[in-house]
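# I would like to see how this sequence folds:
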Amino acid sequence: MDHHIRELSYWKNVKSKMRLQPFVHAVESSAVPIAISDPFEPDEPLVFVNEAFLRLTGYDEDDVLGRNCRFLQGPDTRPEDRVAIRAALQERATTSVEILNYRKDGTPFWNELHIAPMLDDSGELLYFIATQVDVTDRVQRQNDLRVDLDAKTEALRDQAEQTHHMAREMTHRVRNSLALIQAMLRMQLSSLKDDTARNALIGALSRIGAIVEIQRIIEHVDLDTKLEVSEIIGSICAKLDHISRAHVAASSDRIEIGEALVTPIALIVSELVTNAQKHAYDSEDGGIIAVTARRESGGIRLSVRDDGRGVSPDFDPRQVSGFGMRMLLREIDHIGATLSVERLDKGTAFVVSIPPAALLQ
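Now for the predicted structure:
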């Protein structure tokens, strides 16, 4: 007990001597809670606190002088805040931390703590000074807003899931109906001899087939899930492979896209492959139509290449008046892509360059 009294007397004597320093008068009368610690004493004890600090924390001066200010910390004080304070003291740096502290009676409060080194005229460290502001009400309001926002976000997500489930059910029914129409058109195609009629029906079949595949892919995808380009072009090409004697082959880099890009890519591939089937070969000719998707400059280079008769030197896809080409160009323009035509020694390559921005959709 005598030792404790002597020690307390020592720290009170230190505080009295500090009052002789001019800046301490302003600190002592400040309405802002302020504490000063001595970095040269073991465990950096507090050597000065003002009345505002004592009112904020509920402690008496005898309770705090000579102690490290960690006594304000408690069971729910975040470890990362403790680490930040310790690091600032070790580095003799200024820092600000919102830390959960505890009053003498155990009441928690959020403390907006600012710590800064006090230097002499030559730049040498003298003390650390800390100011405290009780921001419990502000933090509580922020927490309440966060809880409310989380609840509303969860409700919106549940609603989106329900809508997505309903859309999947509708997609399934539409796909079944389209598949029936597709089967009927295939039967009709087998009996047609007129090339114009056959080409028109092949075009209709390919578009319906593309839509059926789009519906199938989307039906089995969860909300906000990315899709592989290889699955899309692979499915489309597999469905179109039997329509003519030319074999349709697909390959792709590993590229993920959002649901918004599925329909444009599927329709673009379908239209370009069908055009090659109709125009690059005679009805009895075979060949290979190669569909590839490669990463290029952050976007996608989508190519449909045939080894058929090729296009005329003056061919311009934007001058073609057919419905299929108009639809193709509309999809390309919609996603901000470009279409180029490469004339090969044997056949033609139609190249669609999809920009990186489209992949963010």
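# can you give me every residue that contacts the closest residue to I236 other than its chain neighbours?
Distances taken as C-beta to C-beta, 6 or more residues apart in numbering put V269 closest to I236, at 4.9 Å, once the chain neighbours are dropped. (C-beta placed from N, C-alpha, C; glycine too.) By C-beta atoms under 8 Å, 6 or more residues apart in numbering, the contact list for V269 reads 210, 232-233, 236-237, 291, 302, 304.
# want to throw those residues into JSON lines with pLDDT and secondary structure?
Below are those laid out as JSON lines (pLDDT from 0 to 100; DSSP: H, G, I helix; E, B strand; the rest coil):
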{"residue": "A210", "pLDDT": "70", "secondary structure": "helix"}
{"residue": "I232", "pLDDT": "86", "secondary structure": "helix"}
{"residue": "I233", "pLDDT": "88", "secondary structure": "helix"}
{"residue": "I236", "pLDDT": "85", "secondary structure": "helix"}
{"residue": "C237", "pLDDT": "88", "secondary structure": "helix"}
{"residue": "V291", "pLDDT": "95", "secondary structure": "strand"}
{"residue": "L302", "pLDDT": "95", "secondary structure": "strand"}
{"residue": "V304", "pLDDT": "96", "secondary structure": "strand"}
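# tell me which of the residues you listed is nearest to L201?
A210 (14.9 Å; C-beta to C-beta).
# just for the stretch 201-350 of the chain, where's the confidence low?
For the stretch 201-350 of the chain, applying pLDDT under 70 flags the ranges 215-224.
# which strands border the helix or strand harbouring S251, and is each parallel or antiparallel?
Element membership for S251 (DSSP states H and E) is strand 246-252. Strand 246-252 sits in its sheet next to strand 287-296 (parallel), going by DSSP bridges.
# buried residues in the partner strand, which are they?
Within strand 287-296, the residues that count as buried by 16 or more other C-beta atoms under 10 Å are 287, 289-293.
# now swap in stretch 299-315 and tell me
Those would be 299-300, 302-308, 310-311, for stretch 299-315 by 16+ other C-beta under 10 Å.
# on that earlier part again, report the inter-axis angle for the helix or strand where the residue nearest to I236 lies versus strand 287-296.
Secondary structure assignment for V269, by DSSP H and E: helix 262-279. With axes from the mean of the first three to the mean of the last three C-alpha atoms, to 10 degrees as the basis, helix 262-279 and strand 287-296 are set at 150 degrees to each other.
# for helix 262-279, buried residues please.
Buried, per 16+ other C-beta under 10 Å, within helix 262-279: 262-278.
# would JSON lines of the contacts of V269 with distance to L119 be doable?
Putting the contacts of V269 into JSON lines (distance: C-beta to C-beta, whole Å) gives the following:
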{"residue": "A210", "distance to L119": "73"}
{"residue": "I232", "distance to L119": "65"}
{"residue": "I233", "distance to L119": "67"}
{"residue": "I236", "distance to L119": "72"}
{"residue": "C237", "distance to L119": "73"}
{"residue": "V291", "distance to L119": "70"}
{"residue": "L302", "distance to L119": "64"}
{"residue": "V304", "distance to L119": "72"}
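# now flag whichever of those is closest to A155.
I232 (32.5 Å).
# neighbours around the closest one, how many?
Using other C-beta atoms under 10 Å, the number of residues around I232 comes to 25.
# how about the one 5 residues further on?
The criterion is other C-beta under 10 Å. On that basis, C237 has 22 neighbouring residues.
# go ahead and confirm it touches V248.
Yes. Under the criterion of C-beta atoms under 8 Å, C237 makes contact with V248 at 4.5 Å.
# anything in contact with each of the two?
Common neighbours of C237 and V248 are listed as 273, 291 (criterion: C-beta under 8 Å, 6+ apart).
# just the CA atoms of the longest strand anywhere in the chain, as CSV, please.
In the chain, assigned by DSSP state E, the strand with the most residues is strand 108-119. This file holds the C-alpha atoms of strand 108-119, laid out as CSV (Å, rounded to 0.1, in the frame of the first residue of the first chain):
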residue,chain,number,x,y,z
PRO,A,108,-18.6,0.6,-23.8
PHE,A,109,-18.3,3.7,-26.0
TRP,A,110,-16.8,4.3,-29.5
ASN,A,111,-13.8,6.5,-29.2
GLU,A,112,-12.5,8.5,-32.2
LEU,A,113,-8.9,8.5,-31.0
HIS,A,114,-6.2,10.8,-32.5
ILE,A,115,-2.6,10.2,-31.4
ALA,A,116,0.3,12.5,-32.4
PRO,A,117,3.9,12.8,-31.3
MET,A,118,5.0,16.1,-29.5
LEU,A,119,8.4,17.2,-30.6
